[in-house]
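**Q** With the input below, show me the fold.
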Amino acid sequence: MDYSLEFGNFWTSRANALIAPVYEDDLRLAPARLQAALKKAKDKKLFSGKEGEIHAVENVVFVGLGKKSDSSSYEKAVGSAFSKAKSLGADLAAVLAEDARQVYSSVLGLERASYVFDQYKKEKNPLKMKVLLYTRDASASSYVKKALVVAGAIRTAMDLTNQPSNIATPEFMAVEARKIAKEAGGLSARVLDDKMLCKHSFGSLLAVGQGSDHPPRLVVLEYRTGKGKPWFVLVGKGITFDSGGISIKPSESMDKMKFDKSGACSVMAVMSVLRKMKVDVNVAAVLPFAENMPSGHAYKPGDVVKSYSGKTIEVLNTDAEGRVILADALSYALATYKPEAIVDLATLTGACAIALGDGYAGLFSNKPYLLEALKAISEDSGDLCWPLPLDKEHEEKLKANVGDFKNIGETKGEAGASIGAAFLKQFVDETPWVHLDIAGVAWLGSAKPYAGVGATGFGVRFLLQLLQQPNVFKQTKK
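**A** Now for the predicted structure:
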């Protein structure tokens, strides 16, 4: 979509569809010609400005923000109104956005709501719509540019994540990473194939991928801003398809397991825009890609595998494979970069999705004093996260009879998200580390008013905002 700023009267816009996000107390701000219709809608309990409500009067699409005291999302509101405006046949839409922040959120909302993954459809319906952003803020122009960069990264993440597993093999993802590095500028890419992984003792990653005809890859992307600066490392789980392996999953919804690479895809997308976002720290991405399949070569329950760190993992369930490949990635990141901090994104546990639904990612850290600041960053970015417990009790449940650690806890389903995080914690030592379990938020199984079915690109906004506030990791425990 094309965007331009307008500083005139929104209510007299030349657009053929007007999107007006309004608070419950602001309905009277609409022109007199619309007041009777709004009163009628309110009396019939069709629209009162409550969060999420949508009501069209003539060519104006009103969308509720709730009370001003609530933390309403302009992004979701404008995105929710998009489909209604589109149904009015609009090719020129206007959006009411008082300040630069609302302009930024409006662009993100429209870009997300208009996203369609149609690469494999014969018939395509490209969107032809121009948007006028009405604001009083003269500084809003830079926010439009920033929003388009962030939205582009989110779309990159969604495009990669939505790729079917017969296309998006580990080899394919490595090729895409090289393309991103070449196109983005300021990035270098290094790929370790299965022979190199064997040479350098990536035993965990190799074990998970050995059942597939598509061997695993480790992708390393580097963004350097200066010598002597500390490194921040992003790690993303890249299971290109997860059958569960020998501990095979039920067939129902197994097709969704192409989304098990969501974490790695979001990290790749973040790396693609670091230069455009003028991020001023050194950032490395460590991305393990593997396909978890059952075969005569697959790793099995009861196997013991030796990780890159030298610690051994007793595999009790081959469907808890994400943490196994991340063990190697985290250890490699730690040894190679001695980083200021490590952040990983992973569709790690169904338990987290059950606990938090599709609204929040699980937030864990080995430095509990960071959680409040990280939660605030998540709220400001729009990628909502909720802190979950991680303590010695969870680590105790990982003690193994044969190896150093087992890859699942004692009782199926018990504190699954925390135990999964506790496993990852064993491979980061004392380096500040953040784990986002995005199993519930990485994709949508059914459409929302503001987003369609499929990948969400979750984590892109959180990571970009975090990298622009790196001093958060320099806090000391009070």
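
**Q** Isn't residue 56 up against residue 90?
**A** No. Contact criterion C-beta atoms under 8 Å: residue 56 and residue 90 do not qualify, at 11.1 Å. Every residue, glycine included, has its C-beta placed from N, CA and C.

**Q** dump the residue contacts of residue 79.
**A** Neighbouring residues of residue 79 by C-beta atoms under 8 Å, 6 or more residues apart in numbering: 109, 110, 112, 113, 449, 450, 451.

**Q** Please flag which of those sit within helices.
**A** Counting by DSSP state H, the contacts of residue 79 place 109, 110, 112, 113 in helices.

**Q** Tell me which stretches of the stretch 151-300 of the chain form strands.
**A** Here the stretch 151-300 of the chain has its strands, by DSSP state E, counting those that start in this stretch, at 187-192, 217-223, 231-236, 238-242, 282-292.

**Q** Show residues contacting the third one.
**A** When contacts are taken as C-beta under 8 Å, 6+ apart, the neighbours of strand 231-236 outside the stretch itself are 263-268, 270-271, 281-287, 326, 329-330, 333, 337-346, 463, 467, 470.

**Q** For the protein, which helix extends over the most residues?
**A** Longest helix in the chain, counting residues (DSSP H): helix 140-162.

**Q** one step back: among the contacts of strand 231-236, which are located in helices?
**A** Within the contacts of strand 231-236, residues falling in helices by DSSP H are 263-268, 270-271, 326, 329-330, 333, 337, 463, 467.

**Q** So which of those is the closest to residue 238?
**A** Using C-beta to C-beta, residue 264 comes nearest to residue 238 of the ones in helices among the contacts of strand 231-236, at 3.3 Å.

**Q** show me the contacts for that closest one.
**A** Taking C-beta under 8 Å, 6+ apart, one finds 173, 219, 236, 237, 238, 287, 288, 289, 345 in contact with residue 264.

**Q** Heading C-terminal from the helix or strand of the chain with the lowest mean pLDDT, find the next helix or strand.
**A** Every helix and strand of the chain was ranked by mean pLDDT, DSSP states H and E. The lowest is helix 32-43, at a mean of 88. Under the assignment DSSP states H and E, the closest C-terminal helix or strand after helix 32-43 is strand 54-57.

**Q** what's that next one in contact with?
**A** Contacts for strand 54-57 (C-beta under 8 Å, 6+ apart): 34, 37-38, 41, 46-47, 61-64, 80-81, 84, 88, 449.

**Q** Now tell me which of the residues you listed the prediction trusts least.
**A** pLDDT across the contacts of strand 54-57 is lowest for residue 88, at 81.

**Q** ok now do it, which residues does it touch?
**A** Per C-beta under 8 Å, 6+ apart, neighbours of residue 88: 16, 17, 56, 59, 61.

**Q** would you list these in TSV and tack on distance to residue 371?
**A** Formatted as TSV, the contacts of residue 88 follow (distance: C-beta to C-beta, whole Å):
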residue	distance to residue 371
16	47
17	42
56	42
59	46
61	39
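
**Q** Pick out whichever of these sits closest to residue 180.
**A** Taking C-beta to C-beta as the measure, residue 180 sits nearest to residue 17 out of the contacts of residue 88, at 35.4 Å.

**Q** Which phi and psi values does the nearest residue to the closest one once chain neighbours are set aside adopt?
**A** Take residue 17 and drop its neighbours on the chain: the residue closest to it by C-beta to C-beta, 6 or more residues apart in numbering is residue 90, 3.4 Å away. Dihedral angles of residue 90 (phi, psi; degrees, to the nearest 10) stand at phi -70, psi 130.

**Q** shouldn't residue 90 be in contact with residue 16?
**A** Yes. Using C-beta under 8 Å, residue 90 makes contact with residue 16 at a distance of 5.0 Å.

**Q** CSV please, covering the strands of the stretch 151-300 of the chain and showing distance to residue 424.
**A** Formatted as CSV, the strands of the stretch 151-300 of the chain follow (distance: least, C-beta to C-beta, whole Å):
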stretch, distance to residue 424
strand 187-192, 21
strand 217-223, 17
strand 231-236, 9
strand 238-242, 15
strand 282-292, 13
